[in-house]
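Participant: Here is a sequence with its predicted model. Questions after.
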Amino acid sequence: TQSVPVIAIDGPSASGKGTVAQRVANELGFHYLDSGALYRLLATAAMRDGVALDDEVALAGLASRMDIVFKGEQIWLDGAPVGDELRGEACAAGASKVAALHQVRAALLAKQRDFRKAPGLVTDGRDMGSVVFPDATLKIFLTASAQIRAERRYKQLKEKGMDAKIADLLQDIRARDERDTQRSAAPLQQYPDASLLDTTTLDVDQAVKFVLNGYQCKAP
Ligand code: CDP
Ligand code: CDP
């Protein structure tokens, strides 16, 4: 599978990684992996089973046992569909806690690499270009100011009918950025071989174009 192209998009919360990655995957007819969903699902499964979010051994076991199916927009965990709560900040905060544990990351590594299938993969997360697919064809570090990211998340949650306050979201996003960048296991960082894409003043179309152009330059 090493010859199958991978576009890795990493960056902080609500920078637009998922939206941009999905659009690029559609344009190219590639598979798409939302790696953050795996950490969110693990947090969901842990809360369901009463596993503490710092019990590394139990969480790693749970991570290897999770049966996850992506069906379009819908995700199934152990045979049951997961609701919109997966996208809420409570779940994201839990995800960020379990994601700091080395054994959890190790348990999810092979699951993520399994998504590398012809004709190609577009994936987004924190360490897709650094740890999971270090040989990715194109690596993008997607970011935007924290204020803009909080506003984007606010709009997105409102559209789903979920309640939130921009000030709270800003605080949550900052706390998560801090935990994700300061941890020892695969910290969020702008690694040197990634192209920086700051979308503070760009819309989705412009960001998608940037990634597609970058890929055209790198593709064999
Ligand atoms: O995956 P990540 O958390 O990085 O972001 P997302 O879930 O894709 O959410 C970003 C939100 O901001 C979506 O509602 C997008 O439509 C919007 N947005 C964007 O993604 N990129 C821009 N350049 C502008 C807005
Ligand atoms: O959409 P958003 O960027 O807010 O979150 P996400 O991508 O769904 O990720 C949720 C949490 O999972 C992040 O805050 C990270 O702690 C963790 N994560 C990670 O550690 N590595 C990844 N490749 C993806 C997510």
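Facilitator: Arrived safely. Ligands and ions are numbered 1, 2, ... in the order given.

Participant: If you drop the residues flanking it in sequence, what lies closest to Gln22?
Facilitator: Leaving aside its chain neighbours, Gln22 sits nearest to Tyr32 (5.5 Å; criterion: C-beta to C-beta, 6 or more residues apart in numbering). All C-beta atoms are positioned from the backbone trio N, CA, C, and that covers glycine.

Participant: Quick check, that neighbour in contact with Leu121.
Facilitator: Yes: between Tyr32 and Leu121 there is a contact under C-beta atoms under 8 Å: 7.4 Å.

Participant: would you list every one of the helices in this protein?
Facilitator: Applying DSSP state H to the chain gives helices spanning 17-28, 35-49, 56-65, 89-98, 102-113, 146-159, 166-182, 204-218.

Participant: Nearest to ligand 2, out of those?
Facilitator: helix 35-49 (2.2 Å; C-beta to the nearest ligand atom).

Participant: Mean confidence (pLDDT) on the closest one, please.
Facilitator: Averaging pLDDT along helix 35-49 yields 97.

Participant: quick one: is that helix near ligand 1?
Facilitator: No: applying C-beta under 6 Å from any ligand atom, one finds helix 35-49 out of contact with ligand 1, separated by at least 6.8 Å.

Participant: Show residues contacting that helix.
Facilitator: 18, 51-53, 59, 62-63, 66, 68, 70, 75, 77-78, 82, 85-87, 91-92, 94-99, 104, 108, 111-112, 123-126, 128, 132 (C-beta atoms under 8 Å, 6 or more residues apart in numbering).

Participant: how big is the angle separating it from helix 89-98?
Facilitator: Angle of helix 35-49 versus helix 89-98, following axes from the mean of the first three to the mean of the last three C-alpha atoms, to 10 degrees, is 100 degrees.

Participant: is it true that Cys91 touches Glu85?
Facilitator: Yes: Cys91 is in contact with Glu85 according to C-beta under 8 Å; the separation is 6.0 Å.

Participant: Who has more neighbours out of those two?
Facilitator: Cys91 (19 against 12; other C-beta atoms under 10 Å).

Participant: Of all the residues in the protein, which one is nearest ligand 1?
Facilitator: Minimum separation of the chain from ligand 1 (C-beta to the nearest ligand atom) falls at Gly16, amounting to 2.6 Å.

Participant: what's the burial count for that residue?
Facilitator: By the criterion of other C-beta under 10 Å, Gly16 has 24 neighbours.

Participant: Next up, the contacts around Ile140.
Facilitator: By C-beta under 8 Å, 6+ apart, Ile140 lies in contact with 7-11, 129, 194-195, 197, 210-211, 214.

Participant: so where is this structure shaky, pLDDT-wise?
Facilitator: When residues are selected by pLDDT under 70, those of the chain lie in 1, 220.

Participant: repeat that with 80
Facilitator: Residue ranges of the chain with pLDDT under 80: 1-2, 219-220.

Participant: What parts of it come near ligand 2?
Facilitator: Close to ligand 2, as judged by C-beta under 6 Å from any ligand atom, the chain has residues 13-14, 18, 35-36, 39-40, 92, 95-96, 99, 125-128, 176, 180.
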